[in-house]
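Q: Using only what follows, build the 3D model:
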Amino acid sequence: MRRRLCRSVLLTLHSILMLVLLAFAASLTAQKADRDNETGNATNVRGVIWRDPGQMASLNLIYGAGGKGHAPNPKGTFTFLKEDMLATSPKFEIADQHGVHWKVKLGEEPQSETAASRFLWAAGYFVDEDYYLAELTVTGVPTLHRGEEFVSRGGTIHGARLERKLMGVERLGTWDWFDNPFIDKRELNGLRVMMALLNNWDLKDVNNSIYEMGGERRYLVTDLGASFGNTGNSITRSKSAPQEYADSKFVESATSDFIDFVLHSRPFFLVALNVPHYLARSRMEEVTKKVPRADAKWLGRRLSMLSDKQIRDGFRAAGYTPEEIGVYTHAVRKRIAELNAL
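A: Reported below is the predicted structural model:
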């Protein structure tokens, strides 16, 4: 009797959650319509999500999208501008001696985000111009509300990701993984696979941006910090954890037509007190599911053209130790091989 009662309670809770999920999905659709109006989706500007990066062997993964010419000078002069109190990670803005503005991110994500941007860029996707500096000196740094533990005497900042602010770029808003101009296109499906390959488990729409620049509308993932760890289980997950990344599973299941890749974002529903959060996390897991096999193999063929040196450089750019670079390089190469074996 007790077992039947428990089963009945669980089924009732599950049914309630499914009803709330449907209501939440309807709300997301309405919000998307509002965003479309705000960002002017009716314009004739061409939308793009991928561009052929050219000869893969010539790509420099040390400097990435911005190249050496846009890299910050680690010994340069930087001036504090303002702290960002809205971001999840500790962030503030600085300006260098040339007047270029940079957004500094501290905490768990600078290394993983820098490395992830290198591999997305190499695969042909648009990314921010991110660079990692183990140390830089910033004048005029006040006592920070968050991240003060990464600042030492004299304004020395430790373990920072610097994102270059580009001129002539207008941020139009965000985009939805399940409602965008590229649904069923190979390029979007490749991006979905990349999220699984990177183990990027924080796939909130707010982390996706639309930039208008160069006469086109570019769709990109602009927050990649929750990468290169373990997407976890219903309780725990990690970022920038080499061995946990290497030990995690990549391909969940496969049929003759579709591949499901591993992504765990959903918390245990019996302790999901924040229902909207639970539903949003549940939805994220679908991003890496039911990817057409042909599109996954297309991405694998492209990534297989990267040399081991280039893969190592992607992690060197993020300041990982030689031992960590070795673990990551082997794990990424293994995942690329899995794509090509599909």
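Q: any weak-confidence spans in the chain?
A: Scanning the chain for pLDDT under 70 picks out 1-43, 233-235, 265-281.
Q: which SSE is residue 310 in?
A: helix 308-316 (DSSP states H and E).
Q: Which residues does stretch 75-83 contact?
A: In this structure, residues lying in contact with stretch 75-83 by CB atoms under 8 Å, 6 or more residues apart in numbering are 91-97, 101-102, 136-142, 144-146, 155. For glycine as for every other residue, the C-beta is placed from the backbone atoms N, C-alpha and C.
Q: And the spatially most central residue of the chain, which helix or strand is it part of?
A: By CA atoms, centre = their mean, the chain has its centre lying nearest to residue 224, at 2.5 Å. Taking DSSP H and E as the criterion, no element holds residue 224; it sits outside all helices and strands.
Q: Surely it is in contact with residue 116?
A: Yes. Counting by CB atoms under 8 Å, residue 116 is a contact partner of residue 224 at 3.8 Å.
Q: what sits in contact with each of these two?
A: 198, 200.
Q: wouldn't residue 232 be in contact with residue 245 here?
A: No. Assessed by CB under 8 Å, residue 232 is found out of contact with residue 245, at 11.4 Å.
Q: Between those two, point out the one with more neighbours.
A: Higher neighbour count among residue 232 and residue 245: residue 245, with 24 against 16, using other CB atoms under 10 Å.
Q: How about the closest residue to residue 187 other than its chain neighbours: which residues does it bridge to?
A: Excluding the flanking residues, the one nearest residue 187 by CB to CB, 6 or more residues apart in numbering is residue 50, at 3.7 Å. Residues in a beta bridge with residue 50, per DSSP bridges, are residue 125.
Q: residues in contact with the residue nearest to the centre of the chain?
A: Here residue 224 is in contact with 112-113, 116-117, 120, 127, 198, 200, 207 (CB under 8 Å, 6+ apart).
Q: In helices, which of those fall?
A: Members of the contacts of residue 224 lying in helices (criterion: DSSP state H): 112-113, 116-117, 120, 198.
Q: Neighbour-wise, which one of those leads?
A: residue 117 (32 neighbours).
Q: before we move on, what SS does residue 227 have?
A: Three-state call for residue 227 (DSSP: H, G, I helix; E, B strand; the rest coil): coil.
Q: Next up, the contacts around it.
A: If you count contacts by CB under 8 Å, 6+ apart, then residue 227 has 112-113, 115-116, 198-200, 239-240 around it.
Q: re the thing from before, for whatever helix or strand comes next after the helix holding residue 310, packing partners?
A: Using DSSP H and E, the helix or strand that follows helix 308-316 in sequence is helix 322-340. Secondary-structure packing of helix 322-340 (3 or more CB pairs under 8 Å, 6 or more residues apart in numbering; DSSP states H and E): helix 186-198, helix 242-247, helix 293-303, helix 308-316.
Q: For helix 322-340, list every residue counted as buried.
A: Within helix 322-340, the residues that qualify as buried are 324-325, 327-329, 331-332, 335-336, 338-339, counting by 16 or more other CB atoms under 10 Å.
Q: and the ones in helices among the contacts of residue 224 as JSON lines, adding distance to residue 291?
A: Shown next, in JSON lines, are the ones in helices among the contacts of residue 224 (distance: CB to CB, whole Å):
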{"residue": "112", "distance to residue 291": "23"}
{"residue": "113", "distance to residue 291": "24"}
{"residue": "116", "distance to residue 291": "19"}
{"residue": "117", "distance to residue 291": "22"}
{"residue": "120", "distance to residue 291": "16"}
{"residue": "198", "distance to residue 291": "15"}
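Q: Mind picking the one among the residues you listed that's closest to residue 64?
A: The shortest gap between residue 64 and any of those belongs to residue 117, at 5.9 Å (CB to CB).
Q: quick one, the helix holding residue 310 and helix 322-340 angle?
A: If you take axes from the mean of the first three to the mean of the last three CA atoms, to 10 degrees, helix 308-316 sits at 120 degrees to helix 322-340.
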